[in-house]
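# I'd like to go over a predicted model; first the sequence, then the structure.
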Amino acid sequence: MNVLRGNGFGLLAFGFDDSMYAAVTAGAERLAKELAPEPTQLVLVNGTATPIGHPMIVDEQLQWALGARDGEVFVVRPDGLLLARLVDPTDLDQVSDSIRSGQAPEGGRMAPEWPDTTPPADRHLEHLWLSLSDAIDRVDQQDREGMLTRLAFLLGSLVPVNRFASALGSAVELGKDDRLDSVHAATEQGYPGGEAR
């Protein structure tokens, strides 16, 4: 994509059809005149438009990764950073003024957050690890072993003795096998951090 947009301003138009293509082309031409001699390149991403003289990329994964909706236009600065995302091609007329004023053009929007597809077990383990890592960082280096011992006592008070003993045994065995699936297996069997089966 960086090769297609060149070393100037890039306009990425997502999911445009032929009727929308005419509007974004006109807006791109006006913006190019305003930004000259800095080059401006319009690039179509997906959609059904038949471009004339403009490159087109067909890549649904790219659009998904960027969080772009059909009909949006991303304005990319020469250094590759996103200047604005616009929901209406006519908002391109505001871009040159915004560059001079140092403010982002109005009319942009943030795409809704994409759903997290990480399995719940992985999210849970990541949360546990981050919490434990943060706690370790906050104690004196000489007291880390003591802190982990106190943590073990606190966690042990929350579960029956036999389950805590089983968890300790599993922790010892998992130290010999650091594969993530082994950790999943331990948590799924009902050790601290997992549900009882």
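Arrived safely, thanks for sending.
# ok, the residue most central in space within the chain to P39 distance?
The centre of the chain sits closest to A65, judged by CA atoms, centre = their mean, with a distance of 7.4 Å. To P39, A65 is 25 Å away according to CB to CB, to the nearest Å. (Each C-beta comes from the backbone N, C-alpha and C, glycine too.)
# who's in contact with the closest residue to L148 other than its chain neighbours?
Spatial nearest neighbour of L148, excluding adjacent residues (CB to CB, 6 or more residues apart in numbering): I136 at 7.9 Å. Residues near I136 by CB atoms under 8 Å, 6 or more residues apart in numbering: 144, 147-148.
# Need the pLDDT of I136.
Predicted confidence (pLDDT) for I136: 87.
# Backbone torsions only: list them for it.
Here is the backbone geometry of I136 (degrees, to the nearest 10): phi -60, psi -40.
# So it versus R5, what's the distance?
Taken as CB to CB, the span from I136 to R5 is 45 Å.
# Repeat that for I99.
For I99, the distance to R5 equals 17 Å [CB to CB].
# and what of L148?
Distance check for L148 against R5: by CB to CB, it reads 52 Å.
# Could you chop this structure up by domain?
Per automatic domain parsing, the domain ranges recorded for the chain read 2-101, 120-188.
# Helices along this structure, start to end?
2-5, 18-35, 60-66, 95-101, 120-138, 144-156, 161-174, 180-188 (DSSP state H).
# who wins for proximity to V76 among those helices?
With CB to CB as the measure, helix 2-5 is the member of the helices of the chain nearest V76 (6.3 Å).
# same question for that closest one, mean pLDDT?
Mean predicted lDDT for helix 2-5 stands at 69.
# what do you get for stretch 140-148?
Computed over stretch 140-148, the average pLDDT equals 90.
# Span of that stretch from start to end?
Taking CA to CA, to the nearest Å, stretch 140-148 runs 12 Å from one end to the other.
# before we move on, what about stretch 68-86?
End-to-end distance of stretch 68-86: 10 Å, with CA to CA as the criterion.
# which of the residues in that stretch are buried?
By neighbour count on 16 or more other CB atoms under 10 Å, the buried set for stretch 68-86 is 68, 71-76, 78, 83-86.
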